[in-house]
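> below are the sequence and a predicted model; questions follow.
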Amino acid sequence: MENELTFVQERSDAFYAYAVHPDGKAFLQLFSFFGHYGICVFLFLTGYGLTIKYKLQKTEQMAFFPFVWRHYKKLLWLLVGGYVLYQLVIFVGTKSFSGNMFDWVSMLTMTSNFFSLDIWPKPYWYFRLTMQMYLLFYLLVYRTGGNRQVMTILGLMTAVSLMPQFVFSPDSDVVRLLRDNFFIGMLPFTLGVTAALYGKRLKECMKTLYLFIGCIISGLLLFFSNLNLVLWSLTPVFVIVFSLSLVKILPRLLAKPFQWLGAISAALFVIHPTTREICIHKLHFASAPHTELLIFLIFTVIVAYIYHRLWLVKFSPIRN
């Protein structure tokens, strides 16, 4: 089991003990243990994109409620199609829906974090987290003056967000509750805002040699990030540096497939709980886990592409 919201040393010890003596399922274990860190990249891109669009471009400032409503509608449209598909798949298999009316309302209003830590499908906790980051962006970045003021405020907020796991037991319910909210997102979000505000200076450092070294070092730090609490707390930094460095040093021919996947990444995220339910739980290949994973990945990409083209592009009432 991975250390996502809380840090449990026993889980880390078990993973690294397995890494020393892996079996034929090593790739699956690696994928399972580190897969959730993709959220860090989404949060980084959220901070980066919002800053470019609203802070750096000369556009008319939006009032608070129109800003919140605009971004809530975009998240809701992305969520609701995937959530309905998921519920339909559950109903076909069990003749009942997942959750109850209260769960559905709190999910669609993106307020479930105030009532329960256990939602299903679990990856959808990202929506309520992103809604909180939109609110924080407006309050801390959008209406704040110069870059120095923005970075001072975000730096203080990030420092506060990293404190609970050192003040309380890192596997406590308190830490889980706080990190189930914006506490978990402040570090990657702040890095995204920083990259947007100081992008020109960062580009000067992006020489191929530096990127290659950064990719190797951050990749190693990412792999060993669960050795102790300090490294675990800084994992978003390793994830983002590794991802950005890797993308920059990839040859154009190899980068194109990842660029294409990036274009449908939102649909991939929304759809994968449903395709997982079908491929992993319904069409379970216990004797061939790698075949099961391959079928799941291919099926997810196909369904996500259709979802992207139809639901998010053709039929979407919302335009950027």
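Perfect, I can see it now.

> show me where the stretch 51-200 of the chain has helices.
Assigned by DSSP state H, counting those that start in this stretch, the stretch 51-200 of the chain shows helices spanning 64-94, 101-108, 125-137, 147-162, 164-167, 173-179, 186-197, 199-204.

> and these, which is most packed in?
Highest mean neighbour count of those: helix 186-197, a mean of 24 (counted as mean count of other CB atoms under 10 Å). The way it works is simple: take the backbone N, C-alpha and C, and place the C-beta from them, glycine included.

> which strands or helices does that helix pack on?
Using 3 or more CB pairs under 8 Å, 6 or more residues apart in numbering; DSSP states H and E, the elements in contact with helix 186-197 are helix 38-50, helix 125-137, helix 147-162, helix 235-249.

> Gly93: which of the ones you listed is closest?
Among those, the nearest to Gly93 by CB to CB is helix 125-137 (22.7 Å).

> the closest one vs helix 64-94, what angle?
Counting by axes from the mean of the first three to the mean of the last three CA atoms, to 10 degrees, helix 125-137 lies at 180 degrees to helix 64-94.

> out of the helices and strands packed on helix 186-197, flag the one nearest Leu197.
helix 147-162 (4.9 Å).

> state the mean pLDDT of that closest one.
Per-residue pLDDT over helix 147-162 has a mean of 92.

> how far away from the center of its chain is that helix?
Relative to its chain's centre, helix 147-162 lies at 21 Å (CA atoms, centre = their mean, to the nearest Å).

> only C-alpha atoms, please: export that helix in PDB.
This file holds the C-alpha atoms of helix 147-162, laid out as PDB (Å, rounded to 0.1, in the frame of the first residue of the first chain):
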ATOM      1  CA  ASN A 147       5.700  38.700  -7.700                       C
ATOM      2  CA  ARG A 148       7.600  39.100  -4.400                       C
ATOM      3  CA  GLN A 149       4.400  39.500  -2.400                       C
ATOM      4  CA  VAL A 150       2.900  36.500  -4.200                       C
ATOM      5  CA  MET A 151       5.900  34.300  -3.500                       C
ATOM      6  CA  THR A 152       6.100  35.400   0.200                       C
ATOM      7  CA  ILE A 153       2.500  34.500   0.800                       C
ATOM      8  CA  LEU A 154       2.700  31.200  -1.100                       C
ATOM      9  CA  GLY A 155       6.000  30.300   0.600                       C
ATOM     10  CA  LEU A 156       4.400  30.800   4.100                       C
ATOM     11  CA  MET A 157       1.400  28.800   3.100                       C
ATOM     12  CA  THR A 158       3.500  26.000   1.800                       C
ATOM     13  CA  ALA A 159       5.600  25.900   5.000                       C
ATOM     14  CA  VAL A 160       2.400  25.700   7.000                       C
ATOM     15  CA  SER A 161       1.100  22.900   4.800                       C
ATOM     16  CA  LEU A 162       4.200  20.800   5.400                       C
END
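
> contacts for it, please.
The set of residues external to helix 147-162 that reach it, using CB atoms under 8 Å, 6 or more residues apart in numbering, is 55, 136, 140-141, 144, 178, 182-184, 186-187, 189-190, 193-194, 197-198, 233.

> tell me which residue is most central in this protein.
By CA atoms, centre = their mean, the chain has its centre lying nearest to Ile39, at 1.4 Å.

> show me the contacts for it.
Ile39 makes contact with Tyr126, Leu129, according to CB under 8 Å, 6+ apart.

> let me have the helices of the stretch 51-200 of the chain in CSV, extended by distance to Leu221.
Shown next, in CSV, are those (distance: least, CB to CB, whole Å):
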stretch, distance to Leu221
helix 64-94, 32
helix 101-108, 35
helix 125-137, 24
helix 147-162, 17
helix 164-167, 18
helix 173-179, 20
helix 186-197, 14
helix 199-204, 19
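
> what's the closest of the ones you listed to Thr291?
Taking these one by one with CB to CB, helix 64-94 is closest: 20.8 Å.

> mind giving me the packing neighbours of the closest one?
The elements that helix 64-94 packs onto, with contact taken as 3+ CB pairs under 8 Å, 6+ apart, are helix 101-108, helix 125-137, helix 265-276.

> ok now the shortest one, how far from the chain's centre?
Here helix 101-108 shows a centroid-to-chain-centroid distance of 21 Å under the convention CA atoms, centre = their mean.
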